[in-house]
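Peer 1: generate a structure from the sequence data that follows.
(3 chains)
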Amino acid sequence: MAPLLKMRGMVRTFGALRANDGIDLDVQPGQILGLLGENGSGKSTLMKVLFGMLPPDAGTIIFRGRELSRHHPREAMAAGIAMIHQHFMLIEAMTVVENVMLGWQQAGRVIRTAAIAAQVREASRRFGLHLDPAALVATLPLGRRQRVEILKAILRDAELLILDEPTSNLAPTEIADLLTILRRLRAEGKGIIFITHKLPEVLEICDEVVVLRDGRVSGRAPVAGASRARLAEMMVGRDLARAHKPVPRTPGGVRLSVSDLTGPGFGSLSLDVRGGEILGVAGVDGNGQIELTDTLAGMRRAQAGRIVLDGRDITHAPVAARVQAGLAYIPADRASTALVRGMSVAENLMLRDSGSSPYARGPFLTPVPAATKAQKLMTEYDIRAAGPSAVVMRLSGGNQQKIVVARELDRAPAVLVAHQAAWGLDPGATRFVLDQVIALRDAGAAVVYVSSELEEVLEISDRIAVMAGGQFAGEMPTAEADLKQIGLWMAGRPE
Amino acid sequence: MMAPVSSLPITAFKGRAFRLQLREGLAGRILLAVLLSILCAAALVALSGHNPVEAFGAMAVGAVGSPHQIGAALNRTTPYLLAGSGVALCFRAGIINIGAEGQIAVGGIGATAAALAFPLDAPFAVAASLLSAAAAGAVWAGFATAIHLGRRVHEVLTTLLLNFVALLLVQQVLAGPLGQFGAGFLQSPELPRAAWLWRMPSFGAHSGFLIAVVAAASLSFVLWRTRFGFALRVAGSSRPAAAYAGFSLPRLTWSVMLLAGALAGLAGGIEVLGVHRRLIEGFSLGFGFKAVTVALLGALEPLAIVPASLFVGLLEAGSLSMQRQVGVPSALVVVIEGLTMLFVLAATVRRA
Amino acid sequence: MTEFLAAAIRIATPLMFAALGGILSERAGVFAVGLEGMMLAGAFAAVVGTWWSGDAGAGVLLATVAGAAIGLMVATVAVRFRADNMVTGLTANILALGLTSYLLRVLAGGGQPVAIHLTPLAAWPIPGLADLPVLGPLLFVQPPLTYLVVLGCLMLALFLRHTQAGLTLRASGENPEAVFAAGGNPLRVRMLAVIACGAIAGLGGAVLSLQQVGTFTDGMTGGRGYLALASLIVGRWDPWAAAAACLVFGMAEAFELRLQSFGVPVSSYIVHMAPYLLALAVLAGLGRSSKLPAAIGQPLQSD
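Peer 2: Numbering: from 1, shown residues only, chains lettered A, B, ... in the order given. Below is the predicted model of the structure:
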């Protein structure tokens, strides 16, 4: 059978980085192909090239027997390719039917809202999507929003669907529903490219898997015979041995005590973390994690409850006071919260401590001691940059995060709240961050480590709690972690 | 839901920041912009049937041809420099304050009222009037800030609308308590001599220019060497980062707006005490926009705004002679200013 | 009373045109701070065009072109070069002020502005409807451009809700990335929206100079562009609501004129402040709206 899609020799570079370095890919009709790889392996770039969002430097794409070249998303869609992005391309202020009609020739110059709404209901019924055409997208939960994207693909008679990390925002029940929908699409003869970095999903839904590493295909196999270890090895290129498991320690006294904390998007939450202990908070992103971490750090106001750090009530303390009290915070948004990308390394290192020595004396800044300190931190934390006055925007993600870590940890905080601290980092940088957090714990600090990567949380924490629907669904010591129970907790309240 | 920086090559720049800064070769680009706008102006002159070289020549002579003319140019520069520095600081913090015109106007009211109401000896008269001018400007900026922060109305609208109100307020007080009856047009009585600013002999430039330069230098120091300045720059780059850094955005907004208002008010007071020696209607017309122009031309750096405002001041001082001698309308200067701003904006935005 | 309302409608018409144009621009994602300059350019071109050609129709057409030219300037710098929307709009206003004053004098060949005096456009009574009691003389005996603005409101409302182009325009103001992913070109949409905004606001200027005053004077728009901006924000970016807000401002000014004619001892300056204070009060009262287009003012990604 002729393949639905044939990609040969795809090359795409960004400056010195060869994001795609000669990749071949085939997709058959009625097949779900898994595209597996870590962050930075080149998966997203390859799909953007396929969809016409980026031009390739070299390579050919043949879709349904015809060549696609120098095309934009418009031509890709007309040919029958649909892309469901990881961050949905929807207009929240508009209804489902309006989102479907956007950019769709068939809806007409004068848009035939009623007719399209009928089509939406029909397709929704056929594929089990449960979508109301008149619903405002802003009111839909993330799982439903994704279905609007799938609906668009179906109505436009897409033959090939590309799903980019489709489960990253879904709870386990929603994931199960998604997979059901995908099986129905496969049964209708559609081809599906399923991009992910999660091995279990590949094994569950895909027929064949292509593994990318550093811009090249490092392995290709039908899923039927593949083993998890083999796939992991293809993904990472080395034995996925857990680098040193944190030595269990006897924790000290309670350093952070949160009681009945409530705020918009979460509540009420209670937790106690002792010195020398890491509380891992797992859970699907979007269940109140950022609301919790921001409130703990003082960036959002608590509506009710108490936060006590080393005996001090900091519930309503401003951010600066919390820093003084010994609270460190690594926010998830590296780009525009944790760092000011347009400023220098030195300025970012002093971002939260600009009132104290050696960065300032009274209201005046002291540039010379600041530069010395910055140099010292750069050496200590291995921040690779031209110098303290290098602009942060130019640095790699790993080095940027090292700045954040250096700044927060150098203060020898009593409590660290970390949210997605290793997101988007290559394995080396991830290792570094995790090691630093563990070292801080060993020095006696209390750590709240929030992440949507369950593996990471399991690796680093002493106790693990699961957040779902803005609350703690459950908690247990990591040593006794029961994955099935955790999965159930993550599912939270079903839709 | 927060999406951390991923493998996307470029991320959308969220949060309101005024994206004019931090490019290599900024000075070169700005000079190029100025050059381009002069070329366009030359074309306009040629189109109207006059000789551009002759016209610009007359402008230059008009600007620096004699000590008296240089003095006049310096006097014109002063309010732009003062108000422009304040505006630049606001822009650095991501706050688009375009209320300088209104703040200058009420500054003039403040200076006049103080000089007329409390006849003191020099130098107290000058000090008291200028202080009152600065205070008036700060209060006016305060109104705009209160509505902006309290009711979340964009500061561009609040500062802008208040400009119109301020101009009418000047007319109102001149028709009333501060006016001079029987004058024929709206003006206040001449202010007592003790309140006049000292004027340099033969140049006729008043001491306001020195005040303005000192102010600009101080602001530059504040911007780069104080914690407050650091906080402003962080706030202008990224609002979430400023909150994370522990800076209070409302407090920063109030501080920088009151400061800018005081500077603009001071400029108004200096205009009244140094140039006109009385309050006249419309004395502040166009100054607000000029402040923005010089702020942009100076790349939001107060020290660079000194030459930038000198440039604009010289242009304007020369334009009247140009109109008189060559017949090219002085409005050409406004065109040059507008074009310069346009080209500077186009050339200096950071390609994120 | 009808006199009062008729005056209000007359005063509000230029504002309405500008507000309609501004809605196009803002809903596509570009702040419409340049309305003042677009109106002024249109006012100038309308008068000069009519004076040159002797035909008011040509003047109106020229007004549209002049406004669109300012729009093109704003579009290029703010959208294509991604400069700050607000400051670009301000710059356009300054530039329009300078250019119109300059050209006005150049036309006379010297330092003095050329004196143009045109008869303001006469009212076109609609046969039949004009004879209705009360409503007749009020609504149906208006100069032609006033009818046009009502038609404009209707057309804009239909365009935004019921056409693919309108949908794409709204989407560009909410989430331009989604427009790109859907195969559209948000850059082109925004630029066209701003140019169209200029053309329509230019018509508003034409109303002011041709239909109401009969001449052009320096800076004659006097802040109307900003009032129009305030109206469209108060009207939550909806054509009919914005038009209503413009009418309210028109009534404020008409009221002020009546007070003067009645010899009421309120200072004319205080009364002149009324529209601006009213705008401030209403904006403050309503606060920030959730209907603000989500991506307004945000630069387009370069990808």
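Peer 1: residue of the stretch 151-300 of chain A closest to chain B, please.
Peer 2: A:Gly286 (4.9 Å; C-beta to the nearest C-beta). Placement of C-beta: from N, CA and C, glycine included.
Peer 1: that residue: what secondary structure?
Peer 2: Of the three states, A:Gly286 takes coil according to DSSP: H, G, I helix; E, B strand; the rest coil.
Peer 1: thinking it is in contact with A:Asn169, fair?
Peer 2: Yes - using C-beta atoms under 8 Å, A:Gly286 is in contact with A:Asn169, at 5.9 Å.
Peer 1: what residues does the stretch 201-350 of chain B have near chain A?
Peer 2: For the stretch 201-350 of chain B, the residues in contact with chain A (C-beta under 8 Å from any C-beta of the partner chain) are B:224-231, B:233-234, B:237-238, B:240-241, B:243-246, B:248, B:350.
Peer 1: just to revisit the earlier point, A:Gly286 and A:Asn169: which is more packed in?
Peer 2: Neighbour count, other C-beta atoms under 10 Å in any protein chain shown: between A:Gly286 and A:Asn169, A:Asn169 has more, with 22 against 18.
Peer 1: contacts only, for B:Ile280.
Peer 2: When contacts are counted by C-beta atoms under 8 Å, 6 or more residues apart in numbering or on different chains, B:Ile280 touches B:Leu174, B:Phe185, B:Leu186, B:Gln187, B:Ser188.
Peer 1: would you quantify the distance from it to B:Val272?
Peer 2: Distance of B:Ile280 to B:Val272, computed by C-beta to C-beta, to the nearest Å: 8 Å.
Peer 1: and for A:Gly470?
Peer 2: 60 Å.
Peer 1: more neighbours: which of the two?
Peer 2: Shown here are A:Gly470 and B:Val272; by other C-beta under 10 Å, B:Val272 has more neighbours (31 against 20).
Peer 1: quick one: that one and chain C, what's the gap?
Peer 2: 19 Å (C-beta to the nearest C-beta, to the nearest Å).
Peer 1: please apply the same query to B:Ala136.
Peer 2: 17 Å.
Peer 1: in what helix or strand does the closest residue to that residue other than its chain neighbours lie?
Peer 2: In space, and not counting its chain neighbours, B:Ala136 is closest to B:Gly110: 3.1 Å by C-beta to C-beta, 6 or more residues apart in numbering or on different chains. Per DSSP states H and E: B:Gly110 is located in helix B:100-117.
Peer 1: I'd like the next helix or strand past that helix.
Peer 2: Downstream of helix B:100-117 (by DSSP H and E), the next one is helix B:124-151.
Peer 1: which SSE is immediately downstream of that next one?
Peer 2: The helix or strand immediately downstream of helix B:124-151 is helix B:155-175, counting by DSSP H and E.
Peer 1: what residues are up against B:Val213?
Peer 2: B:Leu81, B:Val306 are the contacts of B:Val213 under C-beta under 8 Å, 6+ apart.
Peer 1: does it count as helix, strand or coil?
Peer 2: Classified using three-state DSSP, B:Val213 is helix.
Peer 1: where's it relative to B:Ala205, distance?
Peer 2: B:Val213 is 12 Å from B:Ala205, by C-beta to C-beta.
Peer 1: try B:Gln180
Peer 2: For B:Gln180, the distance to B:Ala205 equals 27 Å [C-beta to C-beta].
Peer 1: those two: who's more crowded?
Peer 2: Between B:Gln180 and B:Ala205, counted using other C-beta under 10 Å, B:Ala205 has the larger neighbour count: 25 against 15.
Peer 1: quick check, that one in contact with B:Arg199.
Peer 2: Yes - counting by C-beta under 8 Å, B:Arg199 is a contact partner of B:Ala205 at 6.9 Å.
Peer 1: intersection of neighbour lists for these two?
Peer 2: If you check B:Ala205 and B:Arg199 against C-beta under 8 Å, 6+ apart, the residues they both contact are B:Gly71.
Peer 1: where are the low-confidence patches of chain B?
Peer 2: B:1-24, B:350-352 (pLDDT under 70).
Peer 1: where do the strands sit along it?
Peer 2: Ranges of strands within chain B: none, based on DSSP state E.
Peer 1: in it, what residue is nearest chain A?
Peer 2: B:Gly246 (3.4 Å).
Peer 1: need the pLDDT of the closest residue to that residue other than its chain neighbours.
Peer 2: Counting by C-beta to C-beta, 6+ apart, A:Ala320 is the residue found nearest to B:Gly246 once chain neighbours are left out, at 3.4 Å. pLDDT for A:Ala320: 92.
Peer 1: give me the secondary structure label for A:Ala320.
Peer 2: helix.
Peer 1: circling back to that earlier point, among the residues of the stretch 201-350 of chain B next to chain A, which are in helices?
Peer 2: Using DSSP state H, the subset of these located in helices is B:224-225, B:227-231, B:233-234, B:237, B:240-241, B:243-244.
Peer 1: quick one, which of these are buried?
Peer 2: Among those, the ones that count as buried by 16 or more other C-beta atoms under 10 Å in any protein chain shown are B:225, B:227-231, B:233-234, B:237, B:240-241, B:243-244.
Peer 1: between those, which sits nearest A:Ala221?
Peer 2: Closest approach to A:Ala221 among those (C-beta to C-beta): B:Pro240, at 43.7 Å.
Peer 1: pretty sure that closest one sits against A:Asp333.
Peer 2: Yes - B:Pro240 is within contact range of A:Asp333, at 6.8 Å (criterion: C-beta under 8 Å).
Peer 1: tell me which helix or strand comes right after the longest helix belonging to chain C.
Peer 2: If you go by DSSP H, chain C has its longest helix at helix C:2-28. Moving toward the C-terminus from helix C:2-28, the next helix or strand (DSSP H and E) is helix C:35-53.
Peer 1: can you give me the buried ones in that next one?
Peer 2: For helix C:35-53, the neighbour count (16+ other C-beta under 10 Å) marks C:35-51 as buried.
Peer 1: and that helix, does that touch chain B?
Peer 2: No - for helix C:35-53, no contact with chain B is found by C-beta under 8 Å from any C-beta; the gap never falls below 9.0 Å.
Peer 1: any idea which helix or strand comes after that helix?
Peer 2: helix C:56-74.
Peer 1: what angle do that following helix and helix C:35-53 make?
Peer 2: 140 degrees (axes from the mean of the first three to the mean of the last three C-alpha atoms, to 10 degrees).
Peer 1: against which helices or strands is whichever helix or strand comes after helix C:56-74 packed?
Peer 2: Toward the C-terminus, helix C:56-74 is succeeded by helix C:85-108 as the next helix or strand (DSSP H and E). Contacts defined by 3 or more C-beta pairs under 8 Å, 6 or more residues apart in numbering or on different chains; DSSP states H and E place helix C:85-108 against helix B:287-297, helix B:332-348, helix C:35-53, helix C:56-74.
Peer 1: what's the shortest one packed up against?
Peer 2: When you say that, I think you mean helix B:287-297. helix B:67-92, helix B:100-117, helix B:249-270, helix B:302-326, helix B:332-348, helix C:85-108.
Peer 1: run the last query once more with 10 Å
Peer 2: Using 3 or more C-beta pairs under 10 Å, 6 or more residues apart in numbering or on different chains; DSSP states H and E as the contact test, the elements touching helix B:287-297 are helix B:26-47, helix B:67-92, helix B:100-117, helix B:155-175, helix B:249-270, helix B:302-326, helix B:332-348, helix C:85-108.
Peer 1: give me the common contacts of B:Ile280 and B:Val272.
Peer 2: B:Gly108, B:Thr112, B:Ser188 (C-beta atoms under 10 Å, 6 or more residues apart in numbering or on different chains).
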